[in-house]
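J.: Sequence plus the predicted model coming up.
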Amino acid sequence: MDGIALGTPPRFRVASSCFSSSRFRRRLLSLDPAPGVPMDRPRRPCALRCTTAEEASETEKEYDPPTSGGQKIANSVEIKEWQNGNVVDNAASRQGIKIRRRPLTGPPKHYVGPFEFRLENEGNTPRNILEKIIWDKDMELKERRPLTTLKKALEDAPPVRDFVGALKASVKNTGMPALIAEVKKASPSRGVLRENFDPVKIASAYEKFGATCISVLTDEKYFQGSFENLEAIRRAGVKCPLLCKEFIIDAWQIYYARSKGADAILLIAAVLPDLDIKYLTKICRLLGLATLVEVHNEREMDRVLSIEGIQLIGINNRDLETFQVDISNTKRLLEGERGELIRQREIIVVGESGLFTPEDISYVQDAGVKAVLVGESLIKQDDPGRAISGLFGKDISK
Ligand SMILES: O=P(O)(O)OC[C@@H](O)[C@@H](O)c1c[nH]c2ccccc12
């Protein structure tokens, strides 16, 4: 691990002007959850990283340990680390997370005569694409609108639909894995997947031809997606519950996704330490949203299984750091005790990425998944809706 990036407490880095005061923090803390959702005040959003040491200690005074459904979600040592911004520095590396948060400053400046330049080194240059996406996301969030402007949008947001319930009902009715079909224009590994891209038309076609839920990429820079696409699909009256496919590193993004009509949120275990997953899951619960927690390897799976109350786990067959795809990953992670625990707890597992044929679907179904998340193999076809029958080997629209 690299000393420079890890040595800079992320809580002190992510703060933007709109998040920089404790007054602002209190404004966020007083936001009401969605109608019908029990009011439970978020206390210490991971997003609201302190900007100064005074703020950190002030926060301590007003802070109670985060709880989840009456359960404490952290012990006192974890809370201290979290408050002090040491989560990414210490806890994350202990948890095997290789993705570092963006260092506060760029490369150090050097001067030669009238010239100024910065030296790139391992500590201040992203080491892989996932790390680059996360660092860029961090910059992007600095330009976010203040949360207060979201309050009205949240009140006006369309009601949340039951994402997990829809998946369960579909499995029960069809005996097949439920389909979460993805509205995805491009990806860093595959480039542009579809030139002629009409998100509403594609989502409507997915719904018509049997998708249970729809995933909408909202990252602009790497996936050419947008929150406008999410909103447009919701506004167009598509009934399938919608997953907001975003690189979430901040509670603000969850509120924003809800304001645009999301019903579920993705959290990526390769990026988020346990306590952030717990905290962000809690925010989702407050807003009535489902959380799909994505894992890629055994270690991430074990971390997520150690978190109470997780209902939905996605196994990504694509390694987001290397882009390698291997669908046997799903099988491997569901073998033995892990699979047993998942069955006992009735956790819904979603097989994600790299699924192209009816054989692929049967393979992950036999491994134990109850839903599949599919983008490329549908979106690349002339008619992405009709392509669903090809993927499943039969018409699943009835
Ligand atoms: O297009 P594919 O190979 O069918 O994959 C879909 C989906 O699993 C993939 O887009 C995805 C899974 N997890 C992610 C996290 C971020 C961005 C994208 C993803």
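T.: Sure thing, it's come through.
J.: CA atoms for contacts and neighbours, from now on please.
T.: Will do.
J.: Contact residues of the stretch 251-398 of the chain facing the ligand?
T.: Contact residues (CA under 6 Å from any ligand atom) of the stretch 251-398 of the chain with the ligand: 316, 352, 353, 354, 355, 373, 374, 375, 376, 377.
J.: Which members of these are positioned in strands?
T.: 316, 352, 373, 374 (DSSP state E).
J.: What is the neighbour count of the nearest residue to residue 295 once chain neighbours are set aside?
T.: Once flanking residues are discounted, residue 295 sits nearest to residue 315: 5.1 Å by CA to CA, 6 or more residues apart in numbering. Using other CA atoms under 10 Å, residue 315 is surrounded by 27 other residues.
J.: for residue 315, what are its contacts?
T.: Residue 315 sits next to 294, 295, 296, 329, 330, 333, 349, 350, 351, 352 when contact means CA atoms under 8 Å, 6 or more residues apart in numbering.
J.: any idea which of these is closest to residue 201?
T.: Using CA to CA, residue 352 comes nearest to residue 201 of the contacts of residue 315, at 22.8 Å.
J.: measure the closest one to residue 375 for me?
T.: Using CA to CA, to the nearest Å, residue 352 is found at 9 Å from residue 375.
J.: Which residues outside stretch 389-398 are in contact with it?
T.: Contacts for stretch 389-398 (CA under 8 Å, 6+ apart): 208, 209, 210, 211, 356, 357, 358, 361, 377, 378, 388.
J.: So residue 243: helix, strand or coil?
T.: Under DSSP: H, G, I helix; E, B strand; the rest coil, residue 243 falls in the strand class.
J.: Now for it: which residues touch it?
T.: 213, 214, 215, 216, 262, 263, 264, 265, 266.
J.: got a list of what the closest residue to the fourth one other than its chain neighbours touches?
T.: Of all residues not flanking residue 216 in the chain, residue 183 sits nearest, at 4.9 Å (CA to CA, 6+ apart). By CA under 8 Å, 6+ apart, the residues touching residue 183 are 199, 202, 203, 214, 215, 216, 217, 375, 379.
J.: let's see it at 10 Å
T.: By CA atoms under 10 Å, 6 or more residues apart in numbering, the residues touching residue 183 are 197-203, 206, 214-218, 225, 229-230, 233, 245, 374-376, 378-379, 384.
J.: got it, and residue 99?
T.: Here residue 99 is in contact with 1, 88, 92-93, 126-132, 134-135, 270-272, 321 (CA under 10 Å, 6+ apart).
J.: and what of residue 281?
T.: 68, 251, 254, 265-267, 275, 287, 289-293, 309-310.
J.: mind checking which helix or strand it is in?
T.: If you go by DSSP states H and E, residue 281 is part of helix 274-287.
J.: in this protein, which spans are strands?
T.: Under DSSP E, the chain gives strands at 67-68, 71-72, 109-112, 115-118, 178-183, 186-187, 191-192, 213-217, 242-245, 264-268, 290-295, 312-316, 348-352, 371-374.
J.: could you redo those strands as CSV and give each row distance to residue 161 and mean pLDDT?
T.: Below are the strands of the chain laid out as CSV (distance: least, CA to CA, whole Å; pLDDT from 0 to 100):
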stretch, distance to residue 161, mean pLDDT
strand 67-68, 21, 46
strand 71-72, 26, 58
strand 109-112, 51, 70
strand 115-118, 49, 69
strand 178-183, 14, 98
strand 186-187, 27, 97
strand 191-192, 30, 96
strand 213-217, 10, 98
strand 242-245, 8, 98
strand 264-268, 9, 98
strand 290-295, 9, 98
strand 312-316, 15, 98
strand 348-352, 17, 98
strand 371-374, 17, 98
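J.: I'd like those strands as JSON lines, with distance to residue 325 appended.
T.: Converted to JSON lines, the strands of the chain look like this (distance: least, CA to CA, whole Å):
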{"stretch": "strand 67-68", "distance to residue 325": "34"}
{"stretch": "strand 71-72", "distance to residue 325": "37"}
{"stretch": "strand 109-112", "distance to residue 325": "39"}
{"stretch": "strand 115-118", "distance to residue 325": "36"}
{"stretch": "strand 178-183", "distance to residue 325": "17"}
{"stretch": "strand 186-187", "distance to residue 325": "14"}
{"stretch": "strand 191-192", "distance to residue 325": "16"}
{"stretch": "strand 213-217", "distance to residue 325": "19"}
{"stretch": "strand 242-245", "distance to residue 325": "19"}
{"stretch": "strand 264-268", "distance to residue 325": "17"}
{"stretch": "strand 290-295", "distance to residue 325": "14"}
{"stretch": "strand 312-316", "distance to residue 325": "9"}
{"stretch": "strand 348-352", "distance to residue 325": "10"}
{"stretch": "strand 371-374", "distance to residue 325": "13"}
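J.: and residue 340, which of those strands is closest to it?
T.: Using CA to CA, those put strand 348-352 closest to residue 340, at 12.4 Å.
J.: Check which helices and strands that closest one is in contact with.
T.: Applying 3 or more CA pairs under 10 Å, 6 or more residues apart in numbering; DSSP states H and E, one finds that strand 348-352 makes contact with helix 163-174, strand 178-183, strand 290-295, strand 312-316, helix 328-333, helix 336-344, helix 358-367, strand 371-374.
J.: Tell me the one of the contacts of residue 281 nearest the ligand?
T.: Nearest to the ligand out of those is residue 266 (CA to the nearest ligand atom; 7.7 Å).
J.: so what's the residue of the stretch 51-200 of the chain found nearest the ligand bridging to?
T.: Nearest residue of the stretch 51-200 of the chain to the ligand, counting by CA to the nearest ligand atom: residue 182, 6.3 Å away. Counting by DSSP bridges, residue 182 is bridged to residue 215.
J.: Would you mind listing what in the stretch 1-150 of the chain touches the ligand?
T.: Counting by CA under 6 Å from any ligand atom, no residue of the stretch 1-150 of the chain sits close to the ligand.
J.: Any stretches of the stretch 51-200 of the chain with poor pLDDT?
T.: In the predicted model, the stretch 51-200 of the chain carries pLDDT under 70 at residues 51-74, 77-90, 104-110, 117-122, 143, 145.
J.: quick one: contacts for residue 237?
T.: 200, 204.
J.: quick one, phi psi at it?
T.: phi 90, psi 10 (degrees, to the nearest 10).
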